[in-house]
Every structure is written in C-alpha cells, then in structure tokens.
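Peer 1: I need the structure of the sequence given here:
(2 chains, ligands or ions: 1)
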Amino acid sequence: MAGKTLYDKLWDDHLVKQRDDGSALIYIDRQLLHEVTSPQAFEGLRLADRKPWRIDANIATPDHNVPTTDRERGVEGIVDPVSRIQVETLDKNCDEFGILEFKIKDQRQGIVHVIGPEQGATLPGMSIVCGDSHTSTHGAFGCLAHGIGTSEVEHVLATQCLVQQKMKNMLVKVNGKLGPGVTGKDVVLAIIGRIGTAGGTGYAIEFGGEAIHDLSMEARMTICNMSIEAGARVGMVSVDDTTIDYVRGRPFAPEGEQWDKAVEYWRTLHSDDDAVFDKVVELDGADILPQVSWGTSPEMVTGVDGAVPDPDREEDPIKREGIVRALKYMGLQPNQKITDIKLDRVFIGSCTNSRIEDLREAAKVVKGHKVSPTLKQAMVVPGSGLVKAQAEQEGLDKVFIEAGLEWRDPGCSMCLAMNADKLGQGEHCASTSNRNFEGRQGFGGRTHLVSPAMAAAAAIKGHFVDVREIMN
Amino acid sequence: MRAFTQHQGVAAPMDRSNVDTDMIIPKQFLKSIKRTGFGPNLFDELRYLDEGKPDQDCSNRPLNPDFVLNQDRYRNASVLLARRNFGCGSSREHAPWALDDFGFRVIIAPSFADIFYNNCFKNGLLPIVLAEEVVEKLFQETYENEGYQLSIDLEAKTVTTPSGESFGFDVDDFRRHCLLNGLDDIGVTLEDADLIRDYENKRRETAPWLFNTAN
Ligand code: SF4
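Peer 2: Down below sits the predicted model:
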C-alpha cells in the first residue's frame, strides 16, 4: 500500500465518521471568528435554541471593519454606524456565549490569520476553520485549515464538526534556491500564474521542495494564504524545525512534558516518501522573478521584467475576452511594460503580508529614501497590535514615517476596503494583499499584487521597478 | 432549509468567467448582520452606474443598460447560466444569499469554486456542473430565444431544454438528500453526538495540548 500524504494523515486524525454516501464528519480543533461572517451564525444558534459545543475551541477578534486610526476610542471610534453595529454584535455574541475575544482595544487584536499563529492558537496537526477563505494560511503549520461559509460557522459552533468530502492531493514543489529579492509572495504569485485561479479547485495543495523549506514561517504563511487564489481551500507545508521553533513559547503552546509529546507527534506531519499525489506541479525556484499582477484575477500576473499581454495573441476565446475586459478595467494597453505602470497609492498590509518579517523587508527597501511625490498615499498597516509593538521596538515605524509612509493601527484595512481606507476610482495601487478583483480595494480601484519589498520600491519610484535594482 | 425538488424558470446568461464573490456582492453590503435583503445589491457594481451604499433605496439608482439582468427579458430569471470558476474568491455566504434573494434557484456552469459551491447547498440553491460544450449550447439557445426556460429535476438529476433535450448532472448523495428533504444538517450531525463525544474524549487523552487555553 502506498504511503500517506500530509493531507491524508490530517484527514484520518480528524475523522469522526465516514458516511456511506461519501461524506464525512471531521472534528474541528479550532474555530476563529470575526465580525463579518459570524453574526448570522450566532443568530442561527439562538433561533434553534442551540449552545456552542466547545466554547474554548473558539477565538474571536474584529478585523475587517476596524478603523486604522483613532483607536484609543475603541468601538466609539468607528465612524460608520453600520460597521460599528457589526463590531458591537461580535462583542455581544462573544460575551453572551463566553468566547475569548481580543477586542478592538486589546493589544492582541489583529487580522484573524495573523493572531492565530501569533498566539500559538494555531498548532501543527490541528484542524482549523474560520468564516474566511484565507484560513488556508494556517496550513503553513502542517494544519488542516479550511475557509468556510456562515452556515458552516454555525455548524461548527453547534457540533464541533464539519461535513466534508475528501479532496484530492496536489503537490506543488519548488525546487532549488530562490534568487535574492524573491519572496514567498513572488513564489505564490508565480504558482498561481502557472496553474491558474481554478488550478487547485477540488485539491488540498501541499507546498514542498527545498525553496519552500528554506523559507521562514511568515513566508510559508504568505504562500498558504493564497492557496485559495489558486482555487484550493487548503494549502499546507509539512512540519520541520522552523515550524517547531516558531511555535515554542507562544501563549497557547504546550509546555514541559506535553510539549515533548506534541513535538514527537508533530514530527510525523509530513507526506511519506512513497505517498502518491493525484497531481504534481514543479517549479524551479531560480526561475522565479519578483511578480506583479496586471489584471483583475490573481492569475493575471507576470515577472517585473514583463509586459501586459496582448489579447490578440490568446487563443482561448474565453481567456481572450477576460484579458480584454481586464485591460479595460485596469486602464492598461496591450504590451505596456510593467515598469511603466504609474501608481497612485501603495498599501502594505493584509493577512498575506503584514507580519513582522514583511514589515522588515519593506523597511529595508525604503530606509534612507523618500516616497515619490507623485503618490497620493503610501500606508503600512501591521497585522496585529503585537506586530505593531514589535515593529516599533525595532524602530521600523520611524523608518516608514521618515520615508513618508503612514503608520497605522492593525486590521484588514485597504485589503478589502470595508473601513475608511480605500482607493478612488481609476487609481492604481501597489498592494501586498491577495485579491485584485474589480472594486476589491474601492469602487473602480485598480490593484496590482506584489511583495512588500516590491511595494516599498514602487513607493519610492512612483511606478513599478525591479526591487533588486534598489537593493544593489 | 427550503427543499428543492424540481424547478422551471427563465435562464439568464452571465457571460464571463471567474466571476468572484466580491462581484456577486461587494463588501460594503457585508456589514449587515442579517441573512436577507441582499437581492437589490446582487452584482451591484455591474448593475448600477453609481457606487452603492448599504441601507440605500436602490429603486432610483441609475441602471447600467448593458448589464444582462437589467434587460427586460431576464428580469424574472431564476436560472443563472455562468462560465468557468463561478463564485471564486471570498467565502462570503452573502453571495448565495444575494442570488437567492434576487430570485435565483439554480446556477449552471462548467465549474464552480469549492466554497461557493458548498455554500449554495446550505441555502436551498442548486449549483449544477455541466460540460463546457453543453453550457455553451445553453448560452446560445438562451440568446436566441426570448423567454427561454430550463427545467431542473434534482430527483432525476437532469436539466431539460424547451425542445425536450435533457442533460444529466452529478451531485453527491448527501447534499442531494439534504436539499431534496430540506434538512437542517446541524440536526443530522447531532444525531451522531455520542460519536463526536467519544472522539473528543479520546483526543483529550492522546493530544491534550489541543485543549489548552492561553498560558
Ligand atoms: S486581510 Fe484581507 S484577505 Fe485577509 S482576512 Fe482581512 S479582508 Fe480577508
């Protein structure tokens, strides 16, 4: 019999019941909650007169709607009344059911996918869900982490289980070493460019290979975060020393004898040598350049030395139509060089790239430079209050402020522009977030997805530039 | 949940691939704490010429005449024809809520994004995968025949055109069962409460660290 993949192992460990009809009950170790996708789930519980199954499995925080300024005022500081009600509703629900919540004024507040790992509430081998598609982030720890809808949030609250169909296994292997200036973000954008936004649909993706295991946990989280942009609900990296070192000493991490026992188990969380994947994709790390997206889907991406595509050269009529539409929305010309795209704003933040390492990389690039006067705004939004504090301790805030970037309070911010931070119509933004969909960062806004280093370089120049030129 | 057995209704062609859930229902409408009322804002940025705000009366907003659902012949559509990878992106269940609130009962596409596909079933909405050539044919027939209606039978797993041509589709048994009977799947899961408890107790012994609270 062939060996097991990491996904097979995680699946088997969480299987409560395999039903005859092919569906299965999977036990959920951790649920993360935020204000946008939970109110209707709590309401559903109440209407059916049900209680949460295991209260201590849940952790909540408001992130999508919170302002990134004026935070001393807490909930009162949320100007938009509809946003405020949503945050207050989360507070009320958590208080009522006794769920641990990092409220808006708590230093531990932040983007759900940043605080889980930061607290050690994300541990290797766990099954983790959240009413948010970027829950795949947590797979970086060798977890089975799914994004789910609100009905499923309610289902997990009520039963601690999820009804699942087992997915197929895909291995994305990045061989060799990455070049200087090439980050986790560039790796994942290159992967999406290769397999497409639906390439991973129906699969759980494991990212492996030398280049992946050379990366820090932050970079692995960036990669797993964007699995969903490749269509896969689940993205994972197997456990190694980097994983274990990251987890050690965090608030929810085990200690003493429990720690030793846990580590012994965590060391088994990798695909067996003879495991068989349904699909394998290989990339050479050395071939990956800093990436920039030019269109309205994350697969519309190219190296910084590239150009906007010419729809006349696309043979698939549906794809051609997509390119034509994207170029019109983005206000770009066929064959225009990426480095000729002028920018209006720069956003460094989001659950993809707002961790301490991301901020360090961006700060390194802007240090000693000034933001281009042609930009309207460049902002840095740390992923959590603790990331913010750490960055300030390292003096990164000063580097950003001196260079002319705004230093904000933690939250999702301009990643989806549910709060006051948004793009104006027609504005181009270099963004370290994960989605360049039409209107994502503001009505008529034009998003280009890049790494923090590339965003920082673009902030200095006012247009895209190969960050490697600035680093030299 | 509302049961789904059969449905017949006007088809509307949403002729673009990779329609994401941000497009189906933009973020500003996600601030609602209810499950209903999203219909007027379905496809908001495509449907209206101005920028939509939450809690706004949409009846006086300028409509985009080029958008398919604004054309008279599709106004009462309840079957949405779509292209590849429909529903990609955000997990927001507000997307199926909005489609449902508008009046859609069925969505037919060559492929769907996983989370969206799953969310549909939880809301009595039936997503159907048909081969790309079949979907293409349905698009053409819809364009050519005003008032073109499709009949969907979940029991028989078929989509039938006005000329009587029928196409079979696959759907997994559990989801079909829940939809046909309008079952609340939390109730179904809770029938196995003892199994869940047994599993949990075992895990408490073998992996106690999974039950830790913060130090
Ligand atoms: S940062 Fe963006 S992608 Fe991440 S959870 Fe927030 S809104 Fe979603």
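Peer 1: residue ranges for the helices of chain B, please.
Peer 2: Assigned by DSSP state H, chain B shows helices spanning B:21-24, B:44-47, B:94-102, B:114-121, B:132-144, B:173-181, B:185-190, B:193-206.
Peer 1: Could I get the ones you listed in TSV, plus columns for mean pLDDT?
Peer 2: Below are these laid out as TSV (pLDDT from 0 to 100):
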stretch	mean pLDDT
helix B:21-24	97
helix B:44-47	96
helix B:94-102	97
helix B:114-121	96
helix B:132-144	98
helix B:173-181	94
helix B:185-190	94
helix B:193-206	97
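Peer 1: Look at B:Ile196 and say how many residues are nearby.
Peer 2: For B:Ile196, the number of neighbouring residues by other C-beta atoms under 10 Å in any protein chain shown comes to 20. Every residue, glycine included, has its C-beta placed from N, CA and C.
Peer 1: again, but for A:Leu171
Peer 2: Neighbourhood size, A:Leu171 [other C-beta under 10 Å]: 22.
Peer 1: so what's it bridging to?
Peer 2: A:Glu206, A:Val280 (DSSP bridges).
Peer 1: hang on, isn't it packed against A:Ala204?
Peer 2: No - with contact defined as C-beta atoms under 8 Å, A:Leu171 does not count as touching A:Ala204 (10.1 Å).
Peer 1: any idea how far the helix or strand bottoming out on mean pLDDT in chain A is from the chain center?
Peer 2: The helix or strand of chain A with the poorest confidence is helix A:467-471; it has a mean of 90 (mean pLDDT, DSSP states H and E). The chain centre lies 25 Å from the centre of helix A:467-471; the measure is C-alpha atoms, centre = their mean, to the nearest Å.
Peer 1: Same check on stretch A:406-426?
Peer 2: The mean C-alpha position of stretch A:406-426 is separated from the chain mean by 16 Å, C-alpha atoms, centre = their mean.
Peer 1: can you give me the end-to-end distance of it?
Peer 2: 22 Å (C-alpha to C-alpha, to the nearest Å).
Peer 1: Please apply the same query to stretch A:19-35.
Peer 2: Counting by C-alpha to C-alpha, you get 33 Å between the two ends of stretch A:19-35.
Peer 1: residue contacts, B:Lys137?
Peer 2: With C-beta atoms under 8 Å, 6 or more residues apart in numbering or on different chains as the criterion, no residue contacts B:Lys137.
Peer 1: Show the model's pLDDT score for B:Asn212.
Peer 2: Residue-level confidence at B:Asn212 comes out at 86, pLDDT.
Peer 1: thinking again about what came up before, quick one: list the elements packing against the least confident helix or strand of chain A.
Peer 2: Packed against helix A:467-471, as judged by 3 or more C-beta pairs under 8 Å, 6 or more residues apart in numbering or on different chains; DSSP states H and E, are the following elements: helix A:356-366, helix A:452-461.
Peer 1: And those helices: which comes nearest A:Glu218?
Peer 2: Closest of those to A:Glu218 is helix A:356-366, at 3.9 Å (criterion: C-beta to C-beta).
Peer 1: follow-up on the earlier one: is it possible to get JSON lines of the helices and strands packed on helix A:467-471 that adds distance to A:Ile85, mean neighbour count and mean pLDDT?
Peer 2: JSON lines is the format used below for the helices and strands packed on helix A:467-471 (distance: least, C-beta to C-beta, whole Å; neighbours: other C-beta atoms under 10 Å in any protein chain shown; pLDDT from 0 to 100):
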{"stretch": "helix A:356-366", "distance to A:Ile85": "32", "mean neighbour count": "24", "mean pLDDT": "98"}
{"stretch": "helix A:452-461", "distance to A:Ile85": "33", "mean neighbour count": "28", "mean pLDDT": "98"}
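Peer 1: can you list these in TSV and add distance to chain B?
Peer 2: Shown next, in TSV, are those (distance: least, C-beta to the nearest C-beta, whole Å):
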stretch	distance to chain B
helix A:356-366	20
helix A:452-461	21
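Peer 1: is the longest helix seen in chain A up against the ligand anywhere?
Peer 2: Determined from DSSP H, the single longest helix within chain A is helix A:81-97. No - judged by C-beta under 6 Å from any ligand atom, helix A:81-97 stays clear of the ligand, getting no closer than 13.3 Å.
Peer 1: what's the burial count for A:Gln258?
Peer 2: 14.
Peer 1: Please read the previous query as pertaining to A:Ala2.
Peer 2: Residues contacting A:Ala2 under the criterion other C-beta under 10 Å number 9.
Peer 1: thinking it is in contact with A:Asp273, fair?
Peer 2: No - A:Ala2 lies out of contact with A:Asp273 (C-beta under 8 Å); the separation is 10.2 Å.
Peer 1: excluding its backbone neighbours, what's nearest the closest residue to the ligand within chain B?
Peer 2: Residue nearest to the ligand within chain B: B:Ser90 (7.1 Å; C-beta to the nearest ligand atom). The shortest distance from B:Ser90 to any non-neighbouring residue, by C-beta to C-beta, 6 or more residues apart in numbering or on different chains, is to B:Thr21 (4.6 Å).
Peer 1: can you pull the contacts of that neighbour?
Peer 2: B:Gly87, B:Cys88, B:Gly89, B:Ser90, B:Ser91, B:Arg92, B:His94, B:Ala95, B:Phe116.
Peer 1: do you know how far the closest residue in space to A:Arg250 that isn't next to it in sequence is from B:Ala98?
Peer 2: Once flanking residues are discounted, A:Arg250 sits nearest to A:Gly120: 2.7 Å by C-beta to C-beta, 6+ apart. For A:Gly120, the distance to B:Ala98 (C-beta to C-beta, to the nearest Å) stands at 37 Å.
Peer 1: So between the two, which is more surrounded?
Peer 2: Neighbours around A:Gly120 and B:Ala98, counted as other C-beta under 10 Å, are more numerous at B:Ala98. The numbers are 25 against 21.
Peer 1: Phi and psi next, for A:Phe347.
Peer 2: Backbone geometry at A:Phe347, expressed as degrees, to the nearest 10, gives phi -120, psi 120.
Peer 1: Quick check: it touching A:Asn434?
Peer 2: No - using C-beta under 8 Å, A:Phe347 is not in contact with A:Asn434, being 11.7 Å away.
Peer 1: and for the two, which residues touch both?
Peer 2: Common neighbours of A:Phe347 and A:Asn434 (criterion: C-beta under 8 Å, 6+ apart): A:Cys415.
Peer 1: Residue numbers of the stretch 51-200 of chain A in contact with chain B?
Peer 2: A:53-54, A:56, A:64-65, A:80, A:82-83, A:85-86, A:89, A:100, A:119, A:121, A:123, A:125-126, A:131-133, A:147-152, A:154-155, A:158-161, A:163, A:165, A:197-198 (C-beta under 8 Å from any C-beta of the partner chain).
Peer 1: Quick one: buried ones out of these?
Peer 2: A:53-54, A:64-65, A:80, A:82-83, A:85-86, A:89, A:100, A:119, A:121, A:123, A:125-126, A:131-133, A:147-152, A:154-155, A:158-161, A:163, A:197-198 (16 or more other C-beta atoms under 10 Å in any protein chain shown).
Peer 1: how far away is the residue of the stretch 201-350 of chain A found nearest the ligand from A:Ala430?
Peer 2: At 3.9 Å from the ligand, A:Ser350 is the closest residue in the stretch 201-350 of chain A, using C-beta to the nearest ligand atom. As judged by C-beta to C-beta, A:Ser350 and A:Ala430 stand 13 Å apart.
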